[in-house]
Structures are given as structure tokens and as C-alpha cells.
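**Q** starting from these lines, generate the structure:
(chains A and B)
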Amino acid sequence: MFAAPITRRDSGRVAYDKPIPPKGLHTQPFWDGAKEGKLMLPRCRSCNRVHWYPRLICPFCHSTDIEWIEGSGAGRIHTFAVQHRAFGGWAKEVPYVTAYIDLAEGDRMLTVLRGVDAEHPETIEIGAEVRVEFEEADEDTHIPFWRLAEAS
Amino acid sequence: MAANLKNAAAIVGAAESNEIGYPEERGPKVTSLQHHIEAIKNVSDLTGIPISDIEGVFSTGWSQQIAEHLGIRPHYLDTTTVGGCSFQVHVHHALAAIHAGIIDIALVSHGQAGWSYRGAGGGGRPVAGEIDPGTEMTIPYGVFGAPSNYAHAMVRHMHSFGTTPEDFAHVSVVTRQWAMLNPRALMFSKDTNPFGGPITVEDVMEARLIAWPLTLFHCCLVTDHGGAVIVARPEIAKSLRTRPVWIAGAGESMGHQNMLEMVDFTATSASRSSAIAYEMAGLGPQDMEMAMIYDSFTITAAMTAEMLGLAPRGKGYTLWKEGHAAPGGRLPINTNGGGLSFNHSGMYGMQLLVEAYRQLSGTAEDGVHGIEGKQTNARTCVVNGTGGTLSTTGTLVLASDE
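**A** Sure thing, here's the model as predicted:
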């Protein structure tokens, strides 16, 4: 089974200093999966379509029969931007690339994109393959980030 | 004299969420969002009206998030929040909208986890300690405010249509030309702002990067503003000393709330809100003699011009690049100097309205708000506001007396 790389923090390191989302009531399977390096995605049992972000009701067919499946962790760049102005923990990272990722399973996620050259956005290709990886932000939160796939 | 709305609409079903009262005594804590969605699902099941048939969403301040969660794109949005009587007011507004023929099916929705999130405030929105899942999945990723989001749309437009940042820079350059005719514009001259006065494409491109490909001069100003307009029925409008500008058409729509749900990054719901407004007016884009288009960023104005049918898809920027939008051009756009060079207070829709009124009433050069050359001879104007992150749109088709 596919398991994405996880960046683990040892106790001596500086704490994760970027925004960590509060956990809502409707997303626990996602965060549970992330701790194991799995990209869990909501899929409607009625119409079989994956949607993102997680819903209480399928935005395509309005069934409330929704399950969580393990995603492949594969996607492609839909669009991107290079952030030169940021705040908090992200401020010291500028410039960095943010991107919307078309998931292999359908629908789209937001990420800070890794493995690309923010100083040369002309080298970043829409449609390029990306893979998910996880970074441990705190004990309960492993945040998925996407990285440009290695050219094979 | 009010129209008689008697029996113009009826309430056809009512339902509640699954666990009300003290839900925690019987199971997990419930969120306000969950109360909304369950009640909506239940009333849909009860009436047999599919959720996808809902055309208008009325709720206390949160209508676009509810619509997005449902995956619907209503063309009537009401977020009136006036306390406990809000829902009676919503029914009243829905009655009016239905009577007017704007929508046939309205949803009035309430969800408030008053007990589950007691002490946290509320008002029918998610409260402290509650978070909607779209926000939850966006927070970690280093986007801050409008420019960081809008840049993604410009990059996708460049990819889809072969446009360049230089193409969009022309929007800034031309809009500045209008600002130089408006002494109230922040960028009127070097005297009003060190960055004021004429600018070139090179100036725009060489300005500090905010979110590539957006430089500072691709972005709107941050200023103060106050504005107001009065709308009155025709008999009154004709009796006043001021000239009426008629609301020939009006439409609204939404594409998304969270940019995660923006299906096409090169398109907004302005195509739909303008289609509604044009149809109401019996006019089309070819009949518009000027336009006031929300220009939070150069990409916003150029893309919206395409949505309004003023230019072909992918070619919105040519209105500026070829000088049509400029002073003396065939289709003046943003004659106040725009959000880019006149004024942008955060919600710029009022500035659009004030200038459209002044232009169509012949008062755009009153010695204070414009100098010679600012007044156009336009008799029709399409006005389009864009809200959120290219999320919601409102379009007006305005016309002067002949």
C-alpha cells in the first residue's frame, strides 16, 4: 500500500510555526489518516464522486451517504502563484509557491507546492505531476503538502 | 405605493435538524453548519423539491457558505441579519423576489448550535470553536488576503489563453488615465500621491511583487470611502430636481465562497448575473456605452469584461490595450479611476454605483469630482461588482433618460 513520506519532528527541533487549523467535527477521518501518511478523501456512496473539501452532504447529488477512502496521493498542478508577501511563520519563507492541485480522484486541494523554483515561475508547468507528502505540525496534525514528482 | 403581494408565494414545507435541544446528551456535539444541512435535507425530502432546484438562499449572514456546501449556485442571495426576526424578514424578502419573478423556489435556513457552543456567541453562523471544513482545509497553506488568491486566476488565464502579465498591465495604465481626470482620485497626480500621475506598462511590471504575477500596480488601493445612493419609484424619481438613472436590469449570482470550489479559474458568475440583467433590460453588451467593472486587480477587470460579453473569451484585456476603455475610447471603463487608481475601501461596489450615476446623469464633471474629459456621452452603463475571491457577482444595467 502507498504510504506518503512523513516529516517527523524530533523533540529538539523548533516547533512548527505556521498556522495549524483547528479541527472541526466533520473531518476527523482526514486527520487520523494523515497521521499514518494516508490522504483520506470523502466519496459519495450514491454517485461515487470524490469531493473536496469534506461535506455533510454530497455537493453533486445531495446524498448524505458519504464514506472516506484512501486517495492515491497523486495529482497535477491546476494553477499556481508565487507569494512574495506573507505573515507569521510563512513570512520568512517568501517567495514560495501556492498551488491548486487536481486530485487523481477528482476535485481540487490547495497546497504550498514543494520542489519548484519560486524565483523562476516560468519553469513551473500547469499540468505537471505532483505527489502528496505530510509534515508533522503537532501531535494531532500532519499537514499534507504536495511536491513536484520526480521526472522518471 | 407598494405592489400587492397577497398570495404571491406560499411556504410549502418546514423541517428541523435531526438532533435539537441538548444534542450532546444523546450523541456527539453538533455544529451550526450541521443543523443547517440536516434541516435543509429534511425539508427537501419532505417536499420532494430537490436541493438542486433551490434558486434563492436566505439566511443570517452565511448564505453563500451554505449554498457552497450544498453545491448549488443560487441567483438570489440574502444574508439579512437583524436578530431573532431575521427569518420573518427573509420570508418577506423571498415573497418579494418571487412576486418579482426573479426566483420560483427560495430556501430560508437556520442553524445555531446555541447549546453545543454555548458562551461562544453566534447569530446563526459558525461560532468560535466551530470551523467550516473549507476554511479548515485552507488555513495551513500560506495564502493571505485577496492578492495571494487572485494571482492563481491570472496564472490560469495566462495558461488557457496565452495572455501575459504585460497584457493585464494595460488595465492599470489606462485606468490611471481616468484617475488623472478625477481630482478626488488618490493617484490623480504626484501632488496627491508620490506614485500618482501617468504610469507605463514598464512601471507596472517593475513595481514590487506582491503575489507573482501580480505586482503592486496590478493591485487596487486601500483607502477610506463613504457613499450612498437613493432608489425610488418612478413617480417620485420623475418629480425630483435630480435626474433619474433607470435600473433597467439587475442580476446576481455566485460561483463559490472558497476558492477551492472555483471550477474554472478564468471565469466568474458575472456571465450569469449579467445574462439575467441583460435579459431583464432587453439590452445586450453591444448596447452598453460604458462600463463600471470592479477592478480589485487587473485580472478581475479584464476577466469580468469577458464575462459581461464586452470582449471575447481570453480577450478582455484588449479593451484597455487597444485604448477602447480609455478617455475618448468607444467603451469607457472605470471613468472614476477605478479601484486601481481612484479609491478602494475594501468593498468597492458603492464607488462603482456613484460614478455610474454621475456619468449617466451628466454630473461626472461637477468641478469637484471630475475635470474636462471625464464626462462621457454614454446613455447606458453595465455595472458589475465582484465579491470575495472572484466568488459572488452583482450586475446592474443602468440607463439615462433619452
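
**Q** which stretches of chain A have low pLDDT?
**A** Per-residue confidence for chain A (pLDDT under 70) gives these ranges: A:1-14, A:151-152.

**Q** and chain B, what are its domains?
**A** As assigned by automatic domain parsing, chain B contains the domains B:23-139, B:204-400.

**Q** which of those comes out lowest on mean pLDDT?
**A** Lowest mean pLDDT of the domains of chain B: domain B:23-139, a mean of 87.

**Q** what about that one, start to end distance?
**A** 28 Å (CA to CA, to the nearest Å).

**Q** thinking again about what came up before, closest to residue B:187 out of the domains of chain B?
**A** domain B:204-400 (4.0 Å; CB to CB). Quick note: C-beta positions are derived from backbone N, CA and C, even for glycine.

**Q** the closest one near chain A at all?
**A** Yes - applying CB under 8 Å from any CB of the partner chain, one finds domain B:204-400 touching chain A at B:208-214, B:258-260, B:265.

**Q** all helices of the chain, in order?
**A** In the absence of a named chain, chain A is used. A:28-35 (DSSP state H).

**Q** oops, I was thinking of chain B
**A** Counting by DSSP H, the segments of chain B that form helices are B:32-47, B:63-70, B:86-99, B:133-136, B:145-161, B:165-179, B:201-206, B:234-237, B:270-281, B:298-307, B:318-321, B:349-360.

**Q** and the first one with chain A, contact?
**A** Which is helix B:32-47. Yes - on the criterion CB under 8 Å from any CB, helix B:32-47 is in touch with chain A at B:33-34, B:37-38, B:41, B:44.

**Q** any chance of those in JSON lines, with neighbour count and distance to residue A:60 too?
**A** Converted to JSON lines, the residues of helix B:32-47 next to chain A look like this (neighbours: other CB atoms under 10 Å in any protein chain shown; distance: CB to CB, whole Å):
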{"residue": "B:33", "neighbour count": "25", "distance to residue A:60": "18"}
{"residue": "B:34", "neighbour count": "24", "distance to residue A:60": "19"}
{"residue": "B:37", "neighbour count": "24", "distance to residue A:60": "15"}
{"residue": "B:38", "neighbour count": "21", "distance to residue A:60": "19"}
{"residue": "B:41", "neighbour count": "20", "distance to residue A:60": "14"}
{"residue": "B:44", "neighbour count": "21", "distance to residue A:60": "15"}
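
**Q** now for the residues you listed: which two are most distant?
**A** Every pair of the residues of helix B:32-47 next to chain A checked by CB to CB; the farthest is B:33 and B:44, at 16.4 Å.

**Q** how many neighbours does the closest residue to residue B:275 other than its chain neighbours have?
**A** Distances taken as CB to CB, 6 or more residues apart in numbering or on different chains put residue B:251 closest to residue B:275, at 6.9 Å, once the chain neighbours are dropped. Counted by other CB atoms under 10 Å in any protein chain shown, the residues lying close to residue B:251 total 25.

**Q** residue B:251 bridge partners, please.
**A** Beta-bridge pairing for residue B:251 (DSSP bridges): residue B:395.

**Q** point out the most buried one among the domains of chain B.
**A** Most buried of the domains of chain B, by mean neighbour count (mean count of other CB atoms under 10 Å in any protein chain shown): domain B:204-400, with a mean of 20.

**Q** with adjacent residues omitted, what lies nearest to the residue in chain A that chain B sits nearest to?
**A** Chain B sits closest to residue A:59 of chain A, with a gap of 2.5 Å, by CB to the nearest CB. Computed as CB to CB, 6+ apart, the closest residue to residue A:59 that is not its neighbour in sequence is residue B:71, at 2.5 Å.

**Q** test my guess that the one you found contacts residue A:56.
**A** No - shown here, residue B:71 and residue A:56 do not form a contact pair, counting by CB atoms under 8 Å, at 11.4 Å.

**Q** which parts of the stretch 301-402 of chain B are strands?
**A** B:380-387, B:392-400 (DSSP state E, counting those that start in this stretch).

**Q** now those in a markdown table, with distance to residue B:191?
**A** Output for the strands of the stretch 301-402 of chain B, formatted as a markdown table (distance: least, CB to CB, whole Å):
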| stretch | distance to residue B:191 |
| --- | --- |
| strand B:380-387 | 30 |
| strand B:392-400 | 33 |
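
**Q** quick one: which of these is nearest residue A:51?
**A** strand B:392-400 (20.8 Å).

**Q** which residues sit in contact with residue 110?
**A** Just so you know, I chose chain A. Contacts for residue A:110 were tallied using CB atoms under 8 Å, 6 or more residues apart in numbering or on different chains; they are A:98-101, B:137-138, B:141, B:143, B:259-260.

**Q** that's the wrong chain, I meant chain B
**A** Contact analysis of residue B:110 by CB under 8 Å, 6+ apart lists B:35-36, B:39, B:59-60, B:87, B:124.

**Q** so which of the residues you listed comes closest to residue B:153?
**A** Of these, the one sitting nearest to residue B:153 (CB to CB) turns out to be residue B:59, at 27.3 Å.
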